[in-house]
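Novice: kindly return the folded structure for what I paste below:
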Amino acid sequence: MAACHPFIATTEESWLNRPAHRRWLIDQGESLIAFGKASRRPEGGFATLDEWGHPIPAQRPQTLIAARMTHTFALAALQGIPGAGALVDHGISALTSLFHDDRHGGWFAEMPDDEDASGIDTTKQAYLHAFVALAAASATAAGRPGARVLLDRAVEVIERHFWSDEEGRMRESFSRDWQQGEAYRGANSNMHSVEAFLALADVLEAPVWRQRALSIAGYLIHEHAVQAGYLVVEHFDEQWQEWRDYNRDQPGDQFRPYGLTPGHALEWSRLLVNLEAGLLRHGEQAPDWLLHDAIGLFDAAVTTGWAADGAPGFVYTVDWQQQPVVRARMHWVIGEGVAAAAALLARTGQVRFEHCYRQWWDYIDLYLIDRERGSWHHELDEHNQPSASVWSGKPDIYHAYQATLFPRLPLAPTAATLLAERPELAG
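Specialist: Purely as a prediction, here's the structure:
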């Protein structure tokens, strides 16, 4: 493994235990919330923001942005940040009405102009429904009005259409009327379903959701990723056969890029640690492979993705020979990296995860935090200069905010439930 640079005194106290570092994380999180407040649309939902934090008028409101911002503001509200609760309510209202398909059920990817949803893609996507469920779960934990109704509706749609007991995983997408399913299965939508399912298990006090998360992780990680050297196989056909050439002609796709995505290995690594902690907290069996595979994923991501082209930062994708394909650096990747490093440090006490944690926050501080315009640059090029080859503007604060919050929290329960039970832990 290409190790993170060690610091000199390996016996000194972790950054995570230092009051100054925790204050710095809190300050960064609060600045992100302040930036994100500008996304509120008076008409409903949240706007996509540009580099300066201004709403992009030409961008149709997105369900993904609405759900992520609602979830993020719910976490902020649970910490007592003024104004966040009202923004959660604003998001719940939009997800309940403006983005919802009242005719066939489920949620559109974009806000339609009329009941016929003319002019937009009307497919129903597992990826988006997972985020709606996550937003509703976090808002329910925060005690916001209407949140539980939205949560029950999201759970009903997931169980009726997306979750497959036969497959033990989530189906990918359907036509608007649910009559036609996509001949594709994706690891990305299933990964974020694991994230949502862990929150559902805690908020609903329903262990079945943790078991479903374990089923997904067992197949995608303990079977396929392990076989691929702990790199996450992203694409499958509807029979769950690996589809290694998928999107070869669109290597920089925002959600389904060709090849292997080191950032997803980091994200999965943290989720496996959280899943293990959740299972153990409730006296449920936690397989030994959860921790073993979490470490394997972390190490593979560092080996294949960090400085893969000679410059600092994680490349977005590599091919099956582990050579960089899209060399842009996405902010979400290193945000997930610091969260994974913190989780593995807390779980194992191994100082090498402290090394990565420190090095990656130094990188974020040097390259990603935009001190002139606010928030983080969402994408850098191979020279670590702001770019927009895959992502433009600063659409949301979800990944960055969680990077400032998760290292300050225990591994279980999930963040919203934990903050509802013990808000002092975020300080």
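
Novice: can you show me the helices along this structure?
Specialist: Along the chain, counting by DSSP state H, helices occupy 19-36, 63-78, 84-96, 126-141, 147-157, 187-203, 208-217, 226-227, 262-281, 289-305, 331-348, 351-363, 398-405, 415-421.

Novice: elements contacting the first one?
Specialist: In this structure, helix 19-36 packs against helix 63-78, helix 398-405, with contacts taken as 3 or more CB pairs under 8 Å, 6 or more residues apart in numbering; DSSP states H and E. Every residue, glycine included, has its C-beta placed from N, CA and C.

Novice: mind doing that once more with 6 Å?
Specialist: Contacts defined by 3 or more CB pairs under 6 Å, 6 or more residues apart in numbering; DSSP states H and E place helix 19-36 against helix 398-405.

Novice: just the fifth one next, same as before
Specialist: Identification of packing neighbours for helix 147-157 by 3+ CB pairs under 6 Å, 6+ apart yields helix 84-96, helix 126-141.

Novice: now do the second one
Specialist: Counting contacts by 3+ CB pairs under 6 Å, 6+ apart, helix 63-78 packs against helix 84-96, helix 126-141, helix 398-405, helix 415-421.

Novice: got the contact list for the last one?
Specialist: Translated: helix 415-421. The contact list for helix 415-421 (CB atoms under 6 Å, 6 or more residues apart in numbering) reads 75, 78, 138, 141, 202-203, 409, 426.

Novice: now with 10 Å, please.
Specialist: Contacting residues not belonging to helix 415-421 are listed as 71, 74-80, 134-135, 137-143, 198-199, 201-203, 205, 274, 278, 402, 405-406, 408-413, 425-426 [CB atoms under 10 Å, 6 or more residues apart in numbering].

Novice: just the buried residues of the residues you listed.
Specialist: Neighbour-count burial (16 or more other CB atoms under 10 Å) is assigned, among the contacts of helix 415-421, to 71, 74-79, 134-135, 137-142, 198-199, 201-203, 274, 278, 402, 405-406, 408-409, 411-413, 426.

Novice: follow-up on the earlier one: and His54, which of the helices of the chain is closest to it?
Specialist: helix 19-36 (10.9 Å; CB to CB).

Novice: in PDB, could you pull the C-alpha coordinates for that closest one?
Specialist: Extracted C-alpha coordinates of helix 19-36, given in PDB (Å, rounded to 0.1, in the frame of the first residue of the first chain):
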ATOM      1  CA  PRO A  19     -10.300  20.600  21.400                       C
ATOM      2  CA  ALA A  20      -8.700  22.900  18.800                       C
ATOM      3  CA  HIS A  21      -9.200  20.400  16.000                       C
ATOM      4  CA  ARG A  22     -12.800  19.700  17.000                       C
ATOM      5  CA  ARG A  23     -13.500  23.500  17.100                       C
ATOM      6  CA  TRP A  24     -12.000  23.800  13.700                       C
ATOM      7  CA  LEU A  25     -14.300  21.000  12.400                       C
ATOM      8  CA  ILE A  26     -17.300  22.700  14.000                       C
ATOM      9  CA  ASP A  27     -16.400  26.100  12.400                       C
ATOM     10  CA  GLN A  28     -16.000  24.500   9.000                       C
ATOM     11  CA  GLY A  29     -19.300  22.800   9.300                       C
ATOM     12  CA  GLU A  30     -21.100  26.000  10.400                       C
ATOM     13  CA  SER A  31     -19.600  27.900   7.400                       C
ATOM     14  CA  LEU A  32     -20.900  25.200   5.100                       C
ATOM     15  CA  ILE A  33     -24.400  25.500   6.600                       C
ATOM     16  CA  ALA A  34     -24.200  29.300   6.100                       C
ATOM     17  CA  PHE A  35     -23.200  28.800   2.500                       C
ATOM     18  CA  GLY A  36     -26.000  26.200   1.900                       C
END
